[in-house]
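1. My questions are about this predicted structure, shown below with the sequence.
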Amino acid sequence: MMSEPMKKSSCQIASWAMGAAAGFVAFVMLMALGDWDFIQAVFGAAVVFVVLGGLLSWILCKPLPPLGSVQAGLDEADTTTAAAKPAPAPAPASAAAPMAPATPAAASAAPAAPAAMVKDGTLLDGEKELAARKGEWTYAGTETAAATPAEGAKPATLTAARGGKADNLKEIKGVGPKLEKMLNGMGFYHFDQIAAWTAAELAWVDENLSGFKGRASRDNWVDQAKILASGGETEFSKRVEDGDVY
């Protein structure tokens, strides 16, 4: 039977022999197929020989641990697991002892008196006051008040333009052909009508411009109409007169 050093030596010889065989095959293939010159092919074959021989020698010839040490390690692991397992807790002494009889003081304790029941339909003190004031007041929250917009007051209107000729309301910035037609339909034909609107009347117009709500205030119609009603001009009205806008 071969000793351990002899086995290791034989294994290494076989490993390096396989590395040499692989290096020779690599040399032949590099010369025949790779068109390498002799020196290059020898160098490539040497690299294959060293790498493969060393790798096989390290993998195949590494000594294995003896079977006895493996079994001893397993036994030690089982012993450690058994030692770590906690012992079952002893049964409490009170579980086997008979239950002590209740003391006379505990037995004679009277149960708590039930809470007084309130009969249905009985009004408490606060409810009596609220019932007496029922119908005297109503709740008006801030949301309700904010949800109802101030409609203002309707301005004075005309059934037709004075003298049969209406002012060109399109000279007011923000009043296009569609809005001019809408204003005429509401009874507004002249600059002086718009210039005379109060804050409440302006709010009414803002609310009733269908599809254009708030436009009168946003574009300052009243201020522009005051200038135009007095015979003045604005930069926008000049552009309208010159035909640059409509």
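-> Received the coordinates, thanks.
2. which SSE is the closest residue in space to Arg239 that isn't next to it in sequence in?
-> Once flanking residues are discounted, Arg239 sits nearest to Val245: 5.1 Å by Cβ to Cβ, 6 or more residues apart in numbering. (C-beta placed from N, C-alpha, C; glycine too.) Assigned by DSSP states H and E, Val245 falls within no helix or strand.
3. Likewise for Ile194?
-> helix 191-195.
4. Tell me which residues of the first helix or strand past that helix going along the chain come out buried.
-> Remark: after helix 191-195, the chain's next helix or strand is helix 199-208, criterion DSSP H and E. Neighbour counts over helix 199-208 (16 or more other Cβ atoms under 10 Å) mark 201-206 as buried.
5. And for stretch 176-189?
-> 176, 179-180, 182-183, 186, 188-189.
6. Kindly report the same for stretch 30-39.
-> Result for stretch 30-39 [16+ other Cβ under 10 Å]: buried residues 30-31, 36.
7. CSV please, covering those and showing distance to Met6 and secondary structure.
-> Converted to CSV, the buried residues of stretch 30-39 look like this (distance: Cβ to Cβ, whole Å; DSSP: H, G, I helix; E, B strand; the rest coil):
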residue, distance to Met6, secondary structure
Leu30, 36, helix
Met31, 37, helix
Trp36, 39, coil
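8. pLDDT below threshold where in the chain?
-> Applying pLDDT under 70 to the chain flags residues 1-5, 63-151.
9. and with 50 instead?
-> Low-confidence segments of the chain (pLDDT under 50): 70, 93-98, 100-110, 136-149.
10. which residues in it form helices?
-> Here the chain has its helices, by DSSP state H, at 4-32, 38-60, 67-84, 93-96, 104-107, 125-132, 142-147, 177-186, 191-195, 199-208, 215-218, 221-229, 235-241.
11. Compile the buried residues of helix 199-208 into TSV and extend it with columns for distance to Ala195.
-> Shown next, in TSV, are the buried residues of helix 199-208 (distance: Cβ to Cβ, whole Å):
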residue	distance to Ala195
Glu201	11
Leu202	11
Ala203	16
Trp204	16
Val205	13
Asp206	16
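12. between those residues, which is nearest Ala20?
-> When those are compared for distance to Ala20 (Cβ to Cβ), Asp206 wins out at 103.2 Å.
13. mind checking how far the closest one is from Lys213?
-> 6 Å (Cβ to Cβ, to the nearest Å).
14. Quick check: nearest residue in space to Asn184, chain neighbours excluded?
-> Per Cβ to Cβ, 6+ apart, closest to Asn184 is Ala166, 6.4 Å.
15. if I pick the residue nearest to Cys11 when sequence neighbours are not counted, what's in contact with it?
-> Nearest residue to Cys11, sequence neighbours excluded (Cβ to Cβ, 6+ apart): Cys61, at 3.9 Å. Applying Cβ atoms under 8 Å, 6 or more residues apart in numbering to Cys61 gives the contacts 8, 11-12, 15.
16. Highest neighbour count among those?
-> Ser15 (20 neighbours; other Cβ atoms under 10 Å).
17. is it true that that residue touches Val50?
-> No: contact criterion Cβ atoms under 8 Å: Ser15 and Val50 do not qualify, at 11.7 Å.
18. still on that earlier bit, now, which of the contacts of Cys61 sits nearest Trp221?
-> Using Cβ to Cβ, the contacts of Cys61 come closest to Trp221 at Ser15, 103.4 Å.
19. Pro155 versus the nearest residue to Met31 once chain neighbours are set aside, what's the distance?
-> Of all residues not flanking Met31 in the chain, Ala41 sits nearest, at 4.7 Å (Cβ to Cβ, 6+ apart). As judged by Cβ to Cβ, Ala41 and Pro155 stand 109 Å apart.
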